[in-house]
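Engineer: A structural model of the following input is requested.
(chains A and B)
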Amino acid sequence: MEVNEVFEKVKHLFVDELGIDAEKVTMEAKLEEDLDIDSLGIVEVVMAFEDEFEIEIDDEELTDVGTVGQAVNLLHSKI
Amino acid sequence: MSKRRVVITGLGTINPLANNVPDTWESLINGESGIDTITAFDTSELPVSFAGEVKNFDANEYMGKQQARKLDKSSQLSIFATEEALKDANLNTDERLGPNVGIVFGTGIGGIGSTEQAVRTFDERGASRINPLAITQLMPNSSTGQVAIKYGIEGPSLTVTTACAASANAVGEAKNMIQNGIVDMVITGGTESGTTAMTIGAFAQIRALSTNNENPTEACKPFDKDRDGFVMGEGSTVLVMESEESAINRGAEIYGYVAGYGATTDAFHITAPAEGGKGAVVAMQKAIADAGLTIDEVDYINAHGTSTQANDKNETAAIKTVFGERAYEIDISSTKSMTGHLLGGGGAFEAMVSVLTLKNGVIPPTINLNNPDEECDLKYTPNNAIKKELSTAMSNSFGFGGHNGVLVFKKD
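Structural biologist: As a prediction, this is how the structure comes out:
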């Protein structure tokens, strides 16, 4: 899967499942400051990714994920 | 030192009749029913297929999907009702209310819908798939916390869980908080959204619910000979209460006075009231005494009146014990006949009704009262509202567990 395909899937998840405004979901968007996703929200996001992409993500892998782009790149590397 | 007087300066509600206070009042005095066949889920396997559901409420539309999905429905409703109450009280909702405002909410069971969802996920998919928001949604203090967060309420916070007396106790505790000078203002009220298939099934197992599935609007008939149980309802009602001085200083309009509060415990049986409503008797007497009044000064009683054989009979007996012959002169009604039993949210709803009854000079009826029980022979305002100038109202709430909460309100 290409990076931009992963991005589209991630955007879709954010909008449809988490109810986030589509316009706000860009590669540069910061999860906490721009998308209002707090610590609990991150867990939800990870669970949604795990279900959608059929992978497992450890908590440690998330320490450097602060933007949508970083999340997309992490997922892309695991698919 | 005389006690500070406590007033109500704002009201907000969402309930089976309407989604705001003015429409709710209109429905009440017109004797309308908010009870109907359940639409939220399939009732074909349940012995009871009707309830008082909130209508025309889309949480996603009201607060956006991102926020709505973090909350159990009971919390969504409490935020909705709080918004109306704060605006009604002319408080600035753009600023944090701060440390001089407390919050005391009542609920019977809190986030039961969210609890059920978490259990199902756990059973079907295991622990690692449980929604990370589950705990914050299902904990009974969730509504209290979420409302406090939204409006910056930093004073003391409390969630009262005394079943059907919960928000009556909440209003009472809020009154005490203000009278004791702990804070000048308290946002108080109750919420319940426990109408799930499981809870209906569970209540039906106690044989507590009416099974009049063919006639939902006529099923809730307090004090009627043919009453066969209560009808479940959902909703939230919130009141802004403050010291009289605080209200006057900021030019707030006063709905009425929270004059007295009496609370007792039957300590008898987990669901049945004590014989003759003994605990209720003392709670009523305490509330009247706390208000500095006598039995001759109570004009109207908003009864607990659930439409069960046990409550209505015992409550009637209790009223007679407290008021003696005067019991036959007091106007009484049970608005549960129109809304169903709002459980933990009932006390606050009925506090609102009591205060509006005094302010507007109209007594809402007990509907479906066509064949009064001989043991229930008081003036229950059958079927039609009565226009009457009144100055003092009493509101009764009695909960499973034997918890009794009685409030007395004054117009001036």
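Engineer: any idea where the helices of the stretch 201-350 of chain B begin and end?
Structural biologist: Taking DSSP state H, counting those that start in this stretch, the helices of the stretch 201-350 of chain B run over residues B:216-219, B:244-249, B:278-290, B:309-323, B:336-339, B:346-360.
Engineer: ok, now chain A?
Structural biologist: A:3-16, A:39-53, A:68-78 (DSSP state H).
Engineer: middle-most residue in the chain, spatially?
Structural biologist: I went with chain A, as the question did not name one. Centroid check for chain A by CA atoms, centre = their mean gives residue A:71 as the closest residue, at 4.8 Å.
Engineer: My question was about chain B, not that one.
Structural biologist: Note: chain B centre (CA atoms, centre = their mean) maps to residue B:346, 1.8 Å.
Engineer: That residue against residue B:163, yeah?
Structural biologist: No - the criterion here is CB atoms under 8 Å, and residue B:346 misses it with residue B:163 at 9.7 Å. No exception for glycine: its C-beta is placed from N, CA and C like everyone else's.
Engineer: ok, residue B:74 touching residue B:196?
Structural biologist: No - Residue B:74 is beyond contact range of residue B:196, at 11.1 Å (criterion: CB under 8 Å).
Engineer: Need the overlap of contacts for the two.
Structural biologist: Residues touching both residue B:74 and residue B:196 by CB atoms under 8 Å, 6 or more residues apart in numbering or on different chains: B:112-113.
Engineer: If you count surrounding residues, which of these two has more?
Structural biologist: residue B:74 (31 against 19; other CB atoms under 10 Å in any protein chain shown).
Engineer: So, low pLDDT: which residues of chain B?
Structural biologist: B:1 (pLDDT under 70).
Engineer: ok, now with 90
Structural biologist: For chain B, the stretches flagged by pLDDT under 90 are B:1-3, B:272-276.
Engineer: Skip the chain neighbours and tell me the closest residue to the residue of it found nearest chain A.
Structural biologist: Of all residues in chain B, residue B:65 sits closest to chain A, at 2.6 Å by CB to the nearest CB. Counting by CB to CB, 6 or more residues apart in numbering or on different chains, residue B:65 lies nearest to residue A:19, which is 2.6 Å off, once chain neighbours are set aside.
Engineer: That neighbour touches residue B:70, doesn't it?
Structural biologist: No - using CB under 8 Å, residue A:19 is not in contact with residue B:70; the gap is 9.4 Å.
Engineer: List phi and psi for the residue in chain A positioned nearest to chain B.
Structural biologist: At 2.6 Å from chain B, residue A:19 is the closest residue in chain A, using CB to the nearest CB. With angles defined as degrees, to the nearest 10, residue A:19 sits at phi 70, psi 20.
Engineer: give the contact list for it.
Structural biologist: B:60, B:64-69.
Engineer: now do residue B:86
Structural biologist: Here residue B:86 is in contact with B:10, B:12, B:93, B:151, B:187, B:240 (criterion: CB under 8 Å, 6+ apart).
Engineer: What sits closest to residue 34 if chain neighbours are left out?
Structural biologist: The chain I'm using is chain A. According to CB to CB, 6+ apart, the nearest residue to residue A:34 is residue A:24 (5.9 Å).
Engineer: let's do chain B instead
Structural biologist: residue B:16 (2.9 Å).
Engineer: Over to residue B:189?
Structural biologist: Closest residue in space to residue B:189, ignoring its immediate chain neighbours: residue B:238 at 3.5 Å, by CB to CB, 6+ apart.
Engineer: What is the burial count for that neighbour?
Structural biologist: With other CB under 10 Å as criterion, residue B:238 counts 34.
Engineer: so it makes contact with residue B:82?
Structural biologist: Yes - when contacts are counted by CB under 8 Å, residue B:238 is listed as touching residue B:82 (4.7 Å).
Engineer: Enumerate the positions of the lowest-mean-pLDDT helix or strand in chain A that are buried.
Structural biologist: Within chain A, no helix or strand scores below helix A:39-53, which has a mean of 87 by mean pLDDT, DSSP states H and E. Buried residues in helix A:39-53, counted by 16 or more other CB atoms under 10 Å in any protein chain shown: A:41-50, A:53.
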